[in-house]
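K.L.:
Give the three-dimensional model of this entry:
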Amino acid sequence: MTIPGTLTLQPQPEVLGKLLIVQQTLGVLASRDEQAAFLCRALRDIPGVNEVRFCFFGSFIPKRVDYVPIDECVHCKTTTPSVGLVGCGAVSDTGARSIPLRTSSKLYGFLILEIGRSAAFAPYAPYIVNTANFVATLLEKRETKEKLEQVLNELEDQVAARTADLLEKNARLESEIVRREAAERALHEAYELLERRIEERTAALKFSEERLHSIITTAVDGIINTDAGGHIELFNSAAERLFGYTAGEIIGKNIHILLPPAGGAKQANILQHLSGDKSAVCTRLEFEVQHKNGSVFPAELTISEMRISGQKKLTAIVRDITERKWAETALRESEARFRAMAETVPDFLFTSDANGLVDYISPRFYEYTGLSPDSKRSDWVAAIHPHDLERTISRWQKAVRSGETFQSNYRLLSAEGSYRWFQVRARPIRDDDKRVRKWFGACSDIDELVRVQDALEEADRRKNEFLAMLAHELRNPLAPIRNAVQVMGLLNLTDSRLLWVKSMIDRQLKHLVHLVDDLLDVSRITRGKITLKSEIIALPQLITRATEATEAMFVAQQHELSISCPDEVVLLRGDAVRLVQIFTNLLNNAAKYTPHGGRISFQAIAEEQEVIFSVKDSGIGIPPELLPHVFDLFTQADRSLDRSQGGLGIGLTLVRKMVEMHGGHIEARSAGPGQGSEFVVRLPRANVSATNRLKQASPEMPKS
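P.N.:
Down below sits the predicted model:
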């Protein structure tokens, strides 16, 4: 192998010649400094070689090599020798001997060897050439290796690029595979969801069909389905019961078979409705239909139109309204009777809705008030006396809210301009759920009754005034009579007849004084002029004073009196005089209505909050019909005993009033005539609660 370039020996005065080695690839030589240094050392070892230099074009300078940088050839003065030159132009001009070397299209530098003239160069020429060729071979191997490395690097780059491209494509492919797998999963899930929905829709459709079938089968109304021509396609169980046909008998027949042979306009109208006339669809119609047995009955028909697969279908719902017609007839007759009654009775009848708005008033009201029947229903309030209006409206609204019976008295203005008293009473009419649906009321003329009541109240007032006046007038002559009896007591009377007369006068005088005092007390109570003097009184003291006041009567009648009271200290708060009067009257009443030698008990039981007193006798008893009235004024039992013991029938009235004024309660008990009587009094014990009850029961009244 030859070194690329030209080896030229040129005789010069100072040197034997120069060896020019033209290197094709400067980069290989320059990048291999150790080979260049080896070549230089080898050439320098040749005898006669003075200097070894590398010359390069351009500014590139290899390291660790002796060199002379040149911009052009020192011999031919050219920087770019032509391709195929055997040597440079300077060589050929001087006739220098040339050693042909392989040329190249690119020259980057020269290897110059200066050989001294005195040396014998010829023997070393082959060695130089061989050395140059060896170096060239090394360089060519290096170049080939580097080219191979370059190609390998390029191949590696291409492989890497291809691998990256393949990896990218593989990644895209894997991504696509993942995407397609996800799409397949989503498609599978969507398919499963679709299958579930189809199953659910199928189940729902089946359920809907079963439910529809159940509704149609169990419906109380007849359901008939026909095509556009009126041919029956569905006939439910209720329709079978209504018309008497079975579904097998009627399906396929024309619906005209269910209509009576009426003919004329009525039949045409019915057929028009059943043909699906738009004016009849979705409306309620009433007409007669025909049973299988030929009977005709009223029915209510509702027609609806639908389209199934583009075909017109009609559905008729039929209801037997025979009972409703009967009820409507009965209602009309009832309303007629009610109106006739409302126009006949003297009372004003009225009705209102659940909210209390009046919707009907009988004609009698308009006749009395002079209002027009065409006026508003709310105008009735204009006839009420202004002083009664607010109270009446308030009570009416309260009754409407609570649902309780309404009752009130008010004055109504007549057409003549005068007022009369009326009593109105209304009661609610409720449905099965106890809700108020209606109000029914009557307004009755009570003007005469009110006038009579006013007269009675006036008479009662005058009676009370008379009793008060009578009591005072009776007390006036009693005072001198009492004085006369006392004077007679001072005289030394020995005549037994005079003593008997004195005793009788004294006894009757005391009885008369007691009657007059009772009359005065009744008069004061009825006029609210009794004043209680509150004080604390012990129970034993109360019982002792009451029994002492009645001792004379008990002794005279030879009655047996038993007394029972608690051992503990029991206190009462009240008017001591009035409390003693209560039990004195009860004991006197028991002694008076008990036959000679009877048994009477006076018992007191202390409870936590009250004291219970009982006065029980074995006397004549009280009839059941009189028992509720024993405390009424001037009420007396049958007096089969001595008339002198009768009294005026006001003692128990006083007892009840005074017990109530002390915050207590009294009741009478008797098993009947001959069974004795018992009066039970309950009075509060002396404590804060009792004091409050006492104050509430007996407010201070003005003194007479």
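
K.L.:
how much space is there between Pro540 and Ser564?
P.N.:
12 Å (C-beta to C-beta, to the nearest Å). For every residue, glycine as well, the C-beta is placed using N, CA and C.

K.L.:
I meant Arg497, not that one.
P.N.:
From Arg497 to Ser564 the distance is 44 Å (C-beta to C-beta).

K.L.:
Next: Arg185.
P.N.:
Counting by C-beta to C-beta, the gap from Arg185 to Ser564 is 103 Å.

K.L.:
before we move on, what about Gln486?
P.N.:
Counting by C-beta to C-beta - Gln486 and Ser564 are separated by 38 Å.

K.L.:
helices and strands around the longest helix belonging to the chain, which ones?
P.N.:
Identified as the longest helix of the chain according to DSSP state H is helix 125-218. In terms of contacts (3 or more C-beta pairs under 8 Å, 6 or more residues apart in numbering; DSSP states H and E), helix 125-218 is packed against strand 7-9, strand 15-23, helix 26-30, helix 33-44.

K.L.:
Go through those and find the least confident stretch.
P.N.:
Note on those: lowest mean pLDDT is at helix 26-30, with a mean of 36.

K.L.:
Quick check: can you list the domain ranges of this protein?
P.N.:
Following automatic domain parsing, one gets these domains for the chain: 7-148, 219-320, 326-445, 452-510, 528-697.

K.L.:
looking at those, which one has the lowest mean pLDDT?
P.N.:
Minimum mean pLDDT among those: domain 7-148, a mean of 45.

K.L.:
Show residues contacting stretch 573-586.
P.N.:
Stretch 573-586 is touched from outside by 532-537, 542-543, 545-546, 549-550, 572, 602, 613, 615, 651-652, 654-655, 658-659, 661-662, 679, 681, 683-684, 686, 690-691, 694, with contacts defined as C-beta atoms under 8 Å, 6 or more residues apart in numbering.

K.L.:
Tell me the buried residues in that stretch?
P.N.:
573-576, 578-586 (16 or more other C-beta atoms under 10 Å).

K.L.:
For the helix or strand containing Ser601, which strands pair with it and how are they oriented?
P.N.:
Secondary structure from DSSP states H and E places Ser601 in strand 599-606. Here strand 599-606 has these sheet partners by DSSP bridges: strand 560-564 (parallel), strand 610-617 (antiparallel).

K.L.:
what's downstream of the longest one, the next helix or strand?
P.N.:
From strand 610-617 onward toward the C-terminus, using DSSP H and E, the following helix or strand is helix 651-661.

K.L.:
Which residues in that following helix does the neighbour count mark as buried?
P.N.:
Using 16+ other C-beta under 10 Å as the test for burial, helix 651-661 gives 651-659, 661.

K.L.:
okay if I get these as CSV plus distance to Asp447?
P.N.:
Below are the buried residues of helix 651-661 laid out as CSV (distance: C-beta to C-beta, whole Å):
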residue, distance to Asp447
Gly651, 39
Leu652, 36
Thr653, 32
Leu654, 36
Val655, 38
Arg656, 34
Lys657, 33
Met658, 38
Val659, 39
Met661, 37
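
K.L.:
which one of these is nearest Glu300?
P.N.:
Nearest to Glu300 among the buried residues of helix 651-661, counting by C-beta to C-beta, is Arg656 at 68.3 Å.

K.L.:
what's near enough to touch the closest one?
P.N.:
631, 666.

K.L.:
The stretch 301-450 of the chain: strands as residue ranges?
P.N.:
For the stretch 301-450 of the chain, strands defined by DSSP state E, counting those that start in this stretch occupy the ranges 311-320, 348-353, 358-361, 406-413, 419-430, 436-445.

K.L.:
Turn those into JSON lines, including mean neighbour count and distance to Val220.
P.N.:
Output for the strands of the stretch 301-450 of the chain, formatted as JSON lines (neighbours: other C-beta atoms under 10 Å; distance: least, C-beta to C-beta, whole Å):
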{"stretch": "strand 311-320", "mean neighbour count": "18", "distance to Val220": "8"}
{"stretch": "strand 348-353", "mean neighbour count": "19", "distance to Val220": "30"}
{"stretch": "strand 358-361", "mean neighbour count": "16", "distance to Val220": "33"}
{"stretch": "strand 406-413", "mean neighbour count": "19", "distance to Val220": "40"}
{"stretch": "strand 419-430", "mean neighbour count": "18", "distance to Val220": "27"}
{"stretch": "strand 436-445", "mean neighbour count": "18", "distance to Val220": "25"}
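
K.L.:
mind listing the helices in the stretch 201-350 of the chain by residue range?
P.N.:
237-243, 247-250, 264-274, 322-344 (DSSP state H, counting those that start in this stretch).

K.L.:
what packs against the first one?
P.N.:
This means helix 237-243. Using 3+ C-beta pairs under 8 Å, 6+ apart, helix 237-243 is in contact with strand 222-227, strand 284-290, strand 311-320.

K.L.:
Make JSON lines out of these and add distance to Phe554.
P.N.:
Listed next are the helices and strands packed on helix 237-243 as JSON lines, based on distance: least, C-beta to C-beta, whole Å:
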{"stretch": "strand 222-227", "distance to Phe554": "92"}
{"stretch": "strand 284-290", "distance to Phe554": "90"}
{"stretch": "strand 311-320", "distance to Phe554": "86"}
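
K.L.:
Now for Asn589: which residues touch it?
P.N.:
Asn589 neighbours (C-beta under 8 Å, 6+ apart): 651-652, 679.

K.L.:
Closest one of those to Trp326?
P.N.:
Sorting the contacts of Asn589 by distance to Trp326 puts Leu652 at the head of the list, at 62.4 Å, by C-beta to C-beta.

K.L.:
was I right about that closest one contacting Phe631?
P.N.:
Yes. Contact between Leu652 and Phe631 holds when scored by C-beta atoms under 8 Å: they sit 5.1 Å apart.
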